[in-house]
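> Have a look at this prediction, sequence included:
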Amino acid sequence: MTEKQQFSYTHILKATSLFGGVQVFKILISIVRVKIVAILLGGVGMGIIGLFNSTIQVVSEIAKLGLDTSAVKELAHVHNTKDEKAVIETVSILQKFIMITAIIGAIFTIIFSAVLSKLTFGNTAYTFEFIWIAIAIFFMQLTNGKIAILQGTQALKKLAVANVLGSTVGLIVSVPLYYIYGLEAIVPTIIITAVVVFLFFWYFENTLNIQRISLGVKEAYSRGKDMIHLGLVLSITGIITLTTTYLLQIYIRYLGGLDEVGYYTAGFLIINGYVGMVFNAMGTDYFPRLSSIHTDNSKVQIAVRNQATIAILLITPIITTFFLAAPLVVKILYSKEFLVILGLISWGVLGMAFKAVSWSVGYVILAKGDARIFVKTSICFNLLLLGMSCAGYYYYGLTGLGISVLIYYIIHFISMLIITKIFYGLQFQSAFYKLFFICVLLSGLAFVCTFIENTYLKYGGIIVIMLLSYIFTYAQLQQKMNIKQLIKNKLSKK
């Protein structure tokens with residue numbers, strides 16, 4: 001292995017470690033918050049919060065016009081060329097349109113508050129709450145702009161610190177409110193948290209000392225056409241994705257009630273938030289890095305291969321460990337009432353092994369700004385996910401949702417490999433597929449052990465497979481980047 005290849009793996013692991021640490025911290029904060037919500041507000045409270053958050057995400061996705069992602073792509077590219085003038089112009093354009101879209105989003109929420117309440121809860125009882133939530137949507141959009149600037153300019157440490165501080169203060173504010181006011185604290189907590197998080201990101205973005213230039217709306221549009229056009233495409237696909245989740249939650253509410261929505265929300269919070277933290281950590285560094293080299297297919301090929309390798313190696317021991325700890329995790333995060341989601345999360349977590357690769361590959365379409373392919377694949381995959389999830393829930397309840405997620409990610413994995421090979425010539429070497437097969441095999445065996453009735457055999461088998469996954473991951477990382485030496489160097493610095 002060349003020194004350049006080793007550096008690439010090392011960079012990915014360091015970036016993942018940084019934001020993995022942030023993610024773990026946010027998870028710990030979230031554990032306290034969710035535990036309190038589960039105890040004080042129960043399944044109904046979780047359901048209400050889940051429906052509010054889904055609605056906010058849909059409205060925010062409409063309002064931001066995809067600018068947060070398209071700006072990262074543009075900023076990463078100009079920042080990589082060391083063109084300071086282009087960076088200033090891009091940031092100024094972004095700031096102009098972020099403010100406009102934040103105002104539009106807030107006004108939209110106020111005007112359609114009754115409609116949003118009717119669509120979300122089946123009545124207009126929450127109209128007044130949605131009017132207040134307009135404030136949160138305004139500040140969330142401003143925060144998206146700050147995050148895009150920090151991420152696009154690769155100010156990763158500042159981004160990490162802002163995340164940690166925002167999560168911490170958000171917890172300090174929300175816990176007393178839930179304790180004192182119960183369900184009535186849900187909306188005030190959403191608003192206060194949005195404002196607090198914005199203030200931290202505003203402060204750290206200002207420390208970059210990027211100048212601004214005064215631009216009118218027409219001039220900003222003229223200079224930022226590419227960013228805006230790509231943003232609109234991303235906005236459409238983002239709305240489709242969030243609408244899929246939104247419709248599924250409404251479908252679950254219709255068939256099973258608010259309690260079932262709460263269980264669904266809790267289950268996917270574990271899958272996407274806790275087990276999927278590897279993707280959140282990697283995405284912060286991976287997307288801007290891939291965007292900065294998107295015109296060089298040979299570099300893209302290497303970046304994707306290295307990213308997919310690290311992703312599957314890191315996710316495998318997380319998956320196997322999860323099967324051992326799942327019942328305890330659910331009790332700690334929520335309560336015994338939520339043990340009904342074990343089937344959902346067990347099947348769903350197994351799908352993360354396939355997501356690790358399809359996720360790494362899928363970013364190529366976004367980094368290249370190929371709007372046509374991105375929109376078509378997004379529509380097809382979301383329709384597939386919605387249909388499979390509705391069918392899964394109808395026939396097998398919450399566990400059926402988990403089975404649907406696993407099957408979906410297998411299909412997504414195969415499809416993305418075919419699509420990117422056809423359009424970009426992207427393909428993996430046989431060595432990668434061997435590694436991937438071993439990781440999937442270890443994850444699958446740990447999953448199969450969960451069906452063993454004998455407690456000692458069940459947990460004994462999972463522990464053995466879990467240890468094997470740790471040994472395999474460590475051996476592979478040692479081979480690719482001499483991780484033992486990296487740890488020694490880190491310790492010696494301390």
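Cool, got the structure. In this text, all values refer to a predicted model and were calculated from it rather than measured experimentally.

> C-alpha from now on. contacts and neighbour counts both.
Fine.

> Show me which helix or strand of this protein is least confident by mean pLDDT.
Evaluated with mean pLDDT, DSSP states H and E, the helix-and-strand set of the chain has its lowest mean pLDDT in helix 483-493, which scores a mean of 62.

> what ranges of the stretch 1-150 of the chain fall below the confidence cut-off?
Applying pLDDT under 70 to the stretch 1-150 of the chain flags residues 1-27, 30-31, 34, 42-43, 83.

> Helices along that one, start to end?
Listed from the start of the chain, the stretch 1-150 of the chain has helices (DSSP state H, counting those that start in this stretch) covering 3-64, 67-80, 84-111, 113-121, 127-152.

> For stretch 313-326, list every residue counted as buried.
By neighbour count, and taking 16 or more other Cα atoms under 10 Å as the criterion, the buried residues in stretch 313-326 are 313-324, 326.

> Could I get these in a markdown table, plus columns for secondary structure?
Conversion of these to a markdown table gives the following (DSSP: H, G, I helix; E, B strand; the rest coil):
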| residue | secondary structure |
| --- | --- |
| Leu313 | helix |
| Leu314 | helix |
| Ile315 | helix |
| Thr316 | helix |
| Pro317 | helix |
| Ile318 | helix |
| Ile319 | helix |
| Thr320 | helix |
| Thr321 | helix |
| Phe322 | helix |
| Phe323 | helix |
| Leu324 | helix |
| Ala326 | helix |
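
> tell me which element Ile252 falls in.
Secondary structure assignment for Ile252, by DSSP states H and E: helix 225-256.

> tilt between that helix and helix 113-121?
Direction vectors for helix 225-256 and helix 113-121, defined by axes from the mean of the first three to the mean of the last three Cα atoms, to 10 degrees, enclose an angle of 50 degrees.

> What is the helix or strand just after helix 225-256 packed up against?
Read in the C-terminal direction, the helix or strand following helix 225-256 is helix 258-268, with elements assigned using DSSP H and E. The criterion is 3 or more Cα pairs under 8 Å, 6 or more residues apart in numbering; DSSP states H and E, and the helices and strands that helix 258-268 contacts are helix 3-64, helix 225-256, helix 342-350.

> looking at those helices, which is closest to Cys390?
Ranking these by proximity to Cys390 (Cα to Cα) places helix 225-256 first, at 6.9 Å.

> Report the buried residues of that closest one.
Neighbour-count burial for helix 225-256 flags 227-253 (criterion: 16+ other Cα under 10 Å).

> Give me the average confidence score over that helix.
Helix 225-256 shows an average pLDDT of 81 in the prediction.

> again, but for stretch 184-192
87.

> name the helices or strands packed onto the helix holding Ile252?
Packing partners of helix 225-256 (3+ Cα pairs under 8 Å, 6+ apart): helix 3-64, helix 67-80, helix 258-268, helix 371-424.

> Go again with 6 Å.
With contacts taken as 3 or more Cα pairs under 6 Å, 6 or more residues apart in numbering; DSSP states H and E, helix 225-256 sits against helix 3-64, helix 67-80, helix 371-424.

> Val169: what's it in contact with?
Counting by Cα atoms under 6 Å, 6 or more residues apart in numbering, Val169 makes contact with nothing.

> three-state assignment of it?
When the structure is split into helix, strand and coil by three-state DSSP, Val169 lands in helix.

> so how far is the helix holding Ile252 from its chain's centroid?
Counting by Cα atoms, centre = their mean, to the nearest Å, helix 225-256 is centred 14 Å from the centre of its parent chain.

> pLDDT weak spots in the stretch 251-400 of the chain?
Low-confidence segments of the stretch 251-400 of the chain, defined by pLDDT under 70: 274-277, 280-284.

> what's near enough to touch Leu65?
Taking Cα under 6 Å, 6+ apart as the definition, contacts of Leu65 comprise 231-232, 235.

> and if you look at Ser174?
When contacts are counted by Cα under 6 Å, 6+ apart, Ser174 touches Thr189.

> Phi and psi next, for Arg212.
Its backbone dihedrals place Arg212 at phi -120, psi 150, with angles given as degrees, to the nearest 10.
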